[in-house]
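Visitor: sharing a sequence plus its predicted fold:
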Amino acid sequence: MQDNAANPAPGPWGGPNGEDRAEIETALALLAVGPGSVFVDAGCGGGRFALAACALAGPSGRIAALDSDGKYLGALRREAEARRFRNVVILRADMTRGVPVAANAADACLAAGVLHMPMVWRALPDVFREFARILRPGGRLVVSLRLLRDAPAGPPSPDVRARRRLEDAAAACGLARLAERPFGFQRFLAFQKS
């Protein structure tokens with residue numbers, strides 16, 4: 001990890017005070033990102049997970065940060081350059097139209113805070129097929145599921161139905177459920193390609 005004491009820019013884990021550290025550590029630990037990892041951050045936004053993965057994967061690792069919003073990507077590109085990360089490729093891409101990564105190339109893929117978006121949710125089976133396509137055998141996928149409410153009784157809550165839909169989409173393309181970790185208003189669901 002590179003540290004520039006003269007520049008109080010955001011730390012390697014997110015905001016200036018590292019407020020995102022626990023969330024990022026949880027997701028990247030579920031993904032087993034480490035030295036030499038090939039990591040895809042699908043829907044990367046400002047890149048808080050991608051930047052942390054750059055540090056963990058080191059110079060021998062490769063990070064692909066994808067988002068459909070060029071505004072986010074410009075900020076991420078500037079931050080990666082400021083931190084001198086040369087192991088990241090930043091791409092404008094719409095995950096509902098395919099992920100521009102070679103088949104069986106990634107050790108880990110993350111989709112945090114994006115699957116609930118209507119255009120992604122409608123294309124969920126196709127999106128999961130793309131994630132499965134880019135993962136190597138044994139590769140891991142972590143997605144976040146936003147928690148709407150806890151319903152102790154009655155019909156299945158939207159959270160339960162959403163989880164079932166995610167799990168069904170994953171199973172349909174050969175991704176087995178690995179783990180689940182609650183975190184704040186969301187859950188991280190981890191899957192592994194067989």
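Guide: Nice, I can see it.

Visitor: what pairs with residue 190 across the strands?
Guide: residue 142, residue 179 (DSSP bridges).

Visitor: pLDDT of whichever strand or helix holds residue 90, averaged?
Guide: Assigned by DSSP states H and E, residue 90 belongs to strand 88-92. Averaging pLDDT along strand 88-92 gives 96.

Visitor: how about the host helix or strand of residue 163 as CSV, C-alpha atoms only?
Guide: Using DSSP H and E, residue 163 sits within helix 158-172. Presented in CSV, the C-alpha positions along helix 158-172 are these (Å, rounded to 0.1, in the frame of the first residue of the first chain):
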residue,chain,number,x,y,z
PRO,A,158,-39.2,-8.3,-0.6
ASP,A,159,-35.8,-9.1,1.0
VAL,A,160,-36.6,-12.9,1.0
ARG,A,161,-38.0,-12.8,-2.6
ALA,A,162,-34.9,-10.8,-3.7
ARG,A,163,-32.5,-13.3,-2.0
ARG,A,164,-34.3,-16.2,-3.7
ARG,A,165,-34.1,-14.5,-7.1
LEU,A,166,-30.3,-13.9,-6.6
GLU,A,167,-29.7,-17.4,-5.5
ASP,A,168,-31.8,-18.9,-8.3
ALA,A,169,-29.9,-16.7,-10.9
ALA,A,170,-26.5,-17.9,-9.4
ALA,A,171,-27.5,-21.6,-9.3
ALA,A,172,-28.7,-21.5,-12.9
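
Visitor: which strands or helices does that helix pack on?
Guide: Contacts defined by 3 or more CB pairs under 8 Å, 6 or more residues apart in numbering; DSSP states H and E place helix 158-172 against helix 124-134, strand 135-146, strand 175-183, strand 186-193. Where C-beta positions appear, they are placed from N, C-alpha and C, glycine not excepted.

Visitor: next, the buried residues of stretch 52-63.
Guide: Across stretch 52-63, burial judged by 16 or more other CB atoms under 10 Å covers 52, 53, 54, 55, 56, 57, 61, 62, 63.

Visitor: what helix or strand is the last one located in?
Guide: What it means is residue 63. strand 62-67.

Visitor: that strand: partners in the sheet, and parallel or antiparallel?
Guide: In its sheet, and by DSSP bridges, strand 62-67 pairs with strand 38-42 (parallel), strand 88-92 (parallel).
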